[in-house]
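Chemist: only the shape, not the letters, is given here:
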Ligand code: MBD
Ligand code: FE
């Protein structure tokens, strides 16, 4: 393996930062935010920082270490990782609590739009001999009143080593990323492999925080989805596997009981899951 084929925090962080910049125009959606709102949020966030400093008598050495660490998060491109791991779950919670349909969870830093179309019954793009337990997943997209919906499921997940295509070197561009489009019966059947648990890069600024605080760096194995259908709220979710050691202590706090699959192992060793999506009318 040459040096540029090694997965590093800085390389995956740079890719995630670049992806975020290229797909979203984060400021556009809030361009008309009144100063009162910005003032309120900025003052409260800074106030929480000030309170912590006073309550725990933060020293100048600690302040300077914090400053150096913040600079390092940026240099490693790890702001998307940092924010999605330690903040996004609360944003997701307050913005989806009205839903009567499927529970969702955070998007995370590794979504890429435009994954290849595989139809309603298809195999996700994968390498010849892709490692991992084969997984067949069947279900349907429906509305909260039970009506089947023609829609799309974008699915992306890590491979059997815990790496995502486009964020780790040496993996084909769209590996384990696919778009599945259902007909008017809403039904889909997807074939893929079971992903491995995911470890936050340990060699970057986020890894340094985890290390210094005595935390662990793991997320349970998960499948990411975005589910969309005309006239309905888009659902962003992740599905998990029962018995994973980190379902109860996900570093990103993104596991919900409704998102844990009930896989059934088949005689040939492959795994079958039934799981459908109920979307809220927009
Ligand atoms: C992931 O794969 C992920 O899903 C999240 C939320 C954060 C880091 C890596
Ligand atoms: Fe993930």
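Modeler: That came through, no problem. Please read all numbers here as calculations on a predicted model, not as lab measurements. Ligands and ions are numbered 1, 2, ... in the order given.

Chemist: correct me if wrong, but residue 137 is in a strand.
Modeler: Yes. Residue 137 sits within a strand when classified using DSSP: H, G, I helix; E, B strand; the rest coil.

Chemist: what's around it, how many residues?
Modeler: One way to gauge burial is a neighbour count; for residue 137, by other Cβ atoms under 10 Å, it gives 24. Where you see a C-beta, it was placed from the backbone N, CA and C, and this is true even at glycine.

Chemist: contact partners for the one residue in the chain that gets nearest to ligand 1?
Modeler: Relative to ligand 1, the nearest point of the chain is residue 108 (2.9 Å; Cβ to the nearest ligand atom). Each residue near residue 108 by Cβ atoms under 8 Å, 6 or more residues apart in numbering is listed here: 84, 88, 224, 238, 252, 254.

Chemist: filter those down to the buried ones.
Modeler: In terms of neighbour count (16 or more other Cβ atoms under 10 Å), the buried residues within those are 84, 88, 224, 238, 252, 254.

Chemist: just the buried residues of the helix or strand that contains residue 155, please?
Modeler: With elements delineated by DSSP states H and E, residue 155 resides in strand 151-157, which encompasses its position. Along strand 151-157, the positions that meet the burial threshold by neighbour count (16+ other Cβ under 10 Å) are 151, 152, 153, 154, 155, 156, 157.

Chemist: residue 226 reaches residue 154, doesn't it?
Modeler: Yes. Distance between residue 226 and residue 154: 4.4 Å, which falls inside the contact criterion (Cβ atoms under 8 Å).

Chemist: please enumerate the shared neighbours of the two.
Modeler: In contact with both residue 226 and residue 154: residue 111, using Cβ under 8 Å, 6+ apart.

Chemist: now residue 27: how far from residue 74?
Modeler: Here the criterion is Cβ to Cβ, to the nearest Å. By it, residue 27 lies 18 Å from residue 74.

Chemist: these two: which is more packed in?
Modeler: Shown here are residue 27 and residue 74; by other Cβ under 10 Å, residue 74 has more neighbours (13 against 8).

Chemist: isn't residue 184 up against residue 142?
Modeler: No. Counting by Cβ under 8 Å, residue 184 sits too far from residue 142 to count as a contact (11.6 Å).

Chemist: need the pLDDT of the most centrally placed residue in the chain.
Modeler: The chain has residue 108 as the residue nearest its centroid, 3.0 Å off, counting by Cα atoms, centre = their mean. Confidence per residue is given as pLDDT, and for residue 108 that number is 97.

Chemist: okay, and it sits in which element?
Modeler: Following DSSP H and E, there is no helix or strand that holds residue 108.

Chemist: check the contacts of residue 108 one by one and keep those near ligand 1.
Modeler: Among the contacts of residue 108, the ones lying near ligand 1 by Cβ under 6 Å from any ligand atom are 84, 252, 254.

Chemist: the first one belongs to a strand?
Modeler: Looking back up the chat, that one is residue 84. No. Read with three-state DSSP, residue 84 is helix and lies in no strand.

Chemist: got the contact list for it?
Modeler: By Cβ under 8 Å, 6+ apart, the contact list for residue 84 reads 106, 107, 108, 109, 252.

Chemist: turn the residues you listed into a markdown table, columns for distance to residue 191.
Modeler: Listed next are these as a markdown table, based on distance: Cβ to Cβ, whole Å:
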| residue | distance to residue 191 |
| --- | --- |
| 106 | 25 |
| 107 | 24 |
| 108 | 23 |
| 109 | 26 |
| 252 | 27 |
